[in-house]
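Enquirer: sequence and predicted structure, then a few things I'm wondering about:
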Protein chains: 2
Amino acid sequence: MKNFIKVMKALSDSNRVKIVKMLQHKLMCVCELREALQIAQSNVSKHLKILEEAGLVDYKKDGLWVNYYLTDGRKSPYASSLMGNLRHWLEDDPEITELIKRLPHIRREDICKK
Amino acid sequence: MKNFIKVMKALSDSNRVKIVKMLQHKLMCVCELREALQIAQSNVSKHLKILEEAGLVDYKKDGLWVNYYLTDGRKSPYASSLMGNLRHWLEDDPEITELIKRLPHIRREDICKK
DNA sequence: TTATAATATTCTTTTATTAGAATATAGTTA
DNA sequence: TAACTATATTCTAATAAAAGAATATTATAA
């Protein structure tokens, strides 16, 4: 039950759903996600942590960058099923399509200084 | 997006998930649900409203009783898919099995006076 | 070693959610 | 009609979530 609730809660926030939908297209670092969502960096980090603890995303460090990517949800049947469905769910949502359209122009080289 | 979030939120609370799992076994009135969950009647009503607005349950009035039952989630693909999955999900959850086991003994004739 | 950059964590405020108690409503029966 | 019962709604308090600002951490480069 606990894990089920955790997965459901993780996907009950629109910013987190947006993160998932973006990561379906490419692996992204925190500053790219911040730029895309236009929210404070600390919030991006916190949302990512919630998604990670639900077993929905994972990350690899690359120098200063931390690159987040989707897991297959192997950690739980709930995560797995929902991640599968979310590949086609919300594809026509206006907010999502707008976000995805902007995605190619959000590049860490332009946003961060390194 | 809005409807998706609504469905996810509706299923992000353990009392509401319990209601869904119980309704898989039989149609139930508010006082039976209250007895099963051991929470205030007003809370049961409020949880039922949230489930209803997410398109997960519906009700039919029968005199003083209001009988709640599961919909097939026809209202949205999210509701439909999750309701389908919830038929087998959490079947082995200790809290749920305990609850379902008690279900046959929770009868409105015994609980309410009428 | 110092400085800098990307991310995580902490602190604080605001907003939502959940809860029970009290009250209102609607249907039933005396 | 008046009294009663099941449910819904309102009110208020407690708890949890989400937000941004500020600070801490970690890795890199000067």
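Expert: That came through fine.

Enquirer: could you use CA atoms for every contact and neighbour count after this?
Expert: Noted.

Enquirer: quick check: phi and psi at the closest residue to DNA strand D within chain A.
Expert: Nearest residue of chain A to DNA strand D, counting by CA to the nearest atom of the strand: A:G63, 3.0 Å away. For A:G63, the backbone dihedrals (degrees, to the nearest 10) come out as phi 60, psi -130.

Enquirer: just the one 4 residues further on next, same as before
Expert: Backbone dihedrals for A:N67, given as degrees, to the nearest 10, come out at phi -90, psi 120.

Enquirer: what number of residues lie near it?
Expert: Using other CA atoms under 10 Å in any protein chain shown, A:N67 has 18 neighbouring residues.

Enquirer: now swap in the one 10 residues further on and tell me
Expert: Residues contacting A:P77 under the criterion other CA under 10 Å number 14.

Enquirer: what does the pLDDT read for A:K114?
Expert: For A:K114, the pLDDT comes out at 57.

Enquirer: report the buried residues of the helix or strand of chain A at the bottom of the mean pLDDT ranking.
Expert: Of all the helices and strands that make up chain A, helix A:108-111 has the lowest average by mean pLDDT, DSSP states H and E, namely a mean of 89. Neighbour counts over helix A:108-111 (16 or more other CA atoms under 10 Å in any protein chain shown) mark A:R108 as buried.

Enquirer: same question, stretch A:14-34
Expert: A:15-24, A:28-34.

Enquirer: cool, and stretch A:60-70?
Expert: For stretch A:60-70, the neighbour count (16+ other CA under 10 Å) marks A:66-70 as buried.

Enquirer: try stretch A:2-13
Expert: Residues A:3-13 are the ones in stretch A:2-13 that count as buried (16+ other CA under 10 Å).

Enquirer: in TSV: those, plus pLDDT and distance to B:S81.
Expert: Formatted as TSV, the buried residues of stretch A:2-13 follow (pLDDT from 0 to 100; distance: CA to CA, whole Å):
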residue	pLDDT	distance to B:S81
A:N3	96	18
A:F4	98	15
A:I5	98	16
A:K6	97	18
A:V7	98	15
A:M8	98	13
A:K9	98	17
A:A10	98	18
A:L11	98	15
A:S12	98	16
A:D13	98	19
